[in-house]
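J.: Just the structure for this:
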Amino acid sequence: MNSIEFSDHVLEMEPMLYRVAYSLLLNRTDSADAVQEALLKAWEKRRQLKEEAYFRTWLTRILINECYAMLRRRKRALPLTELPEPAAPPDADRELHDAIAHLDRKLRLPVVLHYMEGYSVSEVAEMLRLPTGTIKSQLFKARKLLRLELADEDHPERRKS
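T.: Residues are numbered from 1 along each chain as shown. I've put the predicted structure just below:
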């Protein structure tokens with residue numbers, strides 16, 4: 001893969017890469033850093049990709065690994081006393097964004113990859129290195145939790161204190 005083909009693929013995928021990184025990191029600055037690191041690693045290892053047809057899945061997996069590495073480094077950093085709430089992108093449905101942001105990371109990432117980025121269940125399973133059945137059950141559980149969360153937002157009187 002030459003530099004022009006690489007650039008073309010990356011430009012096409014760029015918005016998706018930022019959304020995936022944000023779904024894991026919930027921080028715009030860290031997301032941008034993760035995407036840049038992933039792109040650098042992908043460029044350096046581009047000759048290891050055997051089939052260009054898998055570029056999208058391959059690069060997304062590199063990004064996910066980079067996000068996890070950032071989260072591990074974040075755990076070692078000194079915690080701030082108060083973290084700001086993650087801000088929704090300007091074009092996002094605020095309630096849905098907040099509900100997804102409150103999901104556990106292991107549920108949030110499959111939701112973003114499958115429903116927001118359009119990857120098939122088998123592609124998500126491959127990227128996350130999990131069985132297809134596990135991804136299906138995570139998506140089922142996430143949908144159930146989102147349904148409950150969004151129903152509570154529609155009817156605040158039903159919320160438990």
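J.: what about residue 139, which helix or strand?
T.: Element membership for residue 139 (DSSP states H and E) is helix 132-154.
J.: for the record, mean pLDDT for that helix?
T.: For helix 132-154, mean pLDDT rounds to 88.
J.: buried residues in that helix?
T.: Neighbour-count burial for helix 132-154 flags 135, 138-139, 141-142, 145-146, 149 (criterion: 16 or more other CB atoms under 10 Å). C-beta here means a position set from N, CA and C on the backbone, and glycine is covered the same way.
J.: Then stretch 118-128?
T.: 119, 121, 123-128.
J.: next one: stretch 61-71
T.: Buried residues in stretch 61-71, defined by neighbour count with 16+ other CB under 10 Å: 61-64, 66-67, 70.
J.: Return the closest of the buried residues of stretch 118-128 with respect to residue 45.
T.: residue 127 (16.2 Å; CB to CB).
J.: From residue 2, how far out is the closest one?
T.: 25 Å (CB to CB, to the nearest Å).
J.: Domain map for the chain?
T.: 1-87, 92-161 (automatic domain parsing).
J.: looking at those domains, which one has the lowest mean pLDDT?
T.: domain 92-161 (a mean of 84).
J.: so what secondary structure elements neighbour the strand or helix carrying residue 6?
T.: For residue 6, the element it lies in under DSSP H and E is helix 3-25. Contact here means 3 or more CB pairs under 8 Å, 6 or more residues apart in numbering; DSSP states H and E; on that basis helix 3-25 packs against helix 28-44, helix 55-76, helix 105-111.
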